[in-house]
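Undergrad: predicted coordinates and the sequence they were generated for:
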Amino acid sequence: MPGGRGPWRVLLTAALLALAGCGFQLRGSVEIPPTLNPLYIQADAGSPVRRALLDLLAGSDVEVTRNATEARMVLRILAETSSSRVAAVDINGKTLAYELHYMVQFDALGEAGVQLVAPQGLDLVRTFDNPDVEVLGKRLEQDLIFEDFATEAADRILTRLRVALR
């Protein structure tokens, strides 16, 4: 039935054109003006957010340099802390849940130290249940949550950079 494939092609073409026309981009694509390449990420050694930023920028058009003097933009991770506090206890005083926090402060500087993005903060929060069973597994789960926080913080930082640099 050769006549049945034509409408599908038209519909598929129309859908692709609509997506292209609305500015849709795959998540993870980074829009930093070419005039601000290369980028230098200034953070403490072993920073989870720095590692996550490098992973998100891999394969993008953004060049990352290891030398701050070569950079046209410096993304500074000013502070990065993780903490937890008790969120719920039972009648015996045993902890049932924790509230996990991951806080990141950052800014971005251009050439000659011109501030491109003012200092901003992120506070990511998640509740973490603490049942009696699988104590070792819960510690690993908590570590994974903090890794997810670092990735989410990196994604939000790049989103804020996109908006601020337009």
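TA: Looks like it came in fine.
Undergrad: could I get the full set of helices for the chain?
TA: Per DSSP state H, the chain carries helices over the ranges 5-21, 48-57, 135-164.
Undergrad: now the ones you listed in CSV, please, with extra columns for mean pLDDT.
TA: What follows is the helices of the chain, written out as CSV (pLDDT from 0 to 100):
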stretch, mean pLDDT
helix 5-21, 68
helix 48-57, 95
helix 135-164, 87
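Undergrad: need the winner for burial among the ones you listed.
TA: Among those, ranked by average contacts under mean count of other Cβ atoms under 10 Å, first place goes to helix 48-57 (a mean of 19). C-beta: built from backbone N, CA, C; applies to glycine.
Undergrad: chain center to that helix, what's the gap?
TA: The chain centre lies 8 Å from the centre of helix 48-57; the measure is Cα atoms, centre = their mean, to the nearest Å.
Undergrad: kindly export that helix (C-alpha atoms) in PDB.
TA: The C-alpha trace of helix 48-57 is given here as PDB (Å, rounded to 0.1, in the frame of the first residue of the first chain):
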ATOM      1  CA  PRO A  48      32.400  16.400  42.800                       C
ATOM      2  CA  VAL A  49      30.800  19.400  41.000                       C
ATOM      3  CA  ARG A  50      33.900  20.100  39.000                       C
ATOM      4  CA  ARG A  51      34.000  16.400  37.900                       C
ATOM      5  CA  ALA A  52      30.300  16.600  37.000                       C
ATOM      6  CA  LEU A  53      30.800  19.800  35.000                       C
ATOM      7  CA  LEU A  54      33.700  18.300  33.000                       C
ATOM      8  CA  ASP A  55      31.500  15.200  32.200                       C
ATOM      9  CA  LEU A  56      28.600  17.500  31.100                       C
ATOM     10  CA  LEU A  57      30.900  19.600  28.900                       C
END
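Undergrad: now do it: everything it contacts.
TA: Contacts with helix 48-57, where a contact means Cβ atoms under 8 Å, 6 or more residues apart in numbering, come from 28, 30, 39, 41, 43-44, 64, 75, 77, 80, 104, 146-147, 149-151, 153-155, 157-158.
Undergrad: and if we set it to 10 Å?
TA: 27-30, 32, 39, 41-44, 47, 62-64, 75, 77, 80, 82, 102, 104, 106, 122, 146-155, 157-158 (Cβ atoms under 10 Å, 6 or more residues apart in numbering).
Undergrad: also stretch 84-97?
TA: The contact list for stretch 84-97, computed with Cβ under 10 Å, 6+ apart, reads 98-102, 125-132, 142, 145-146.
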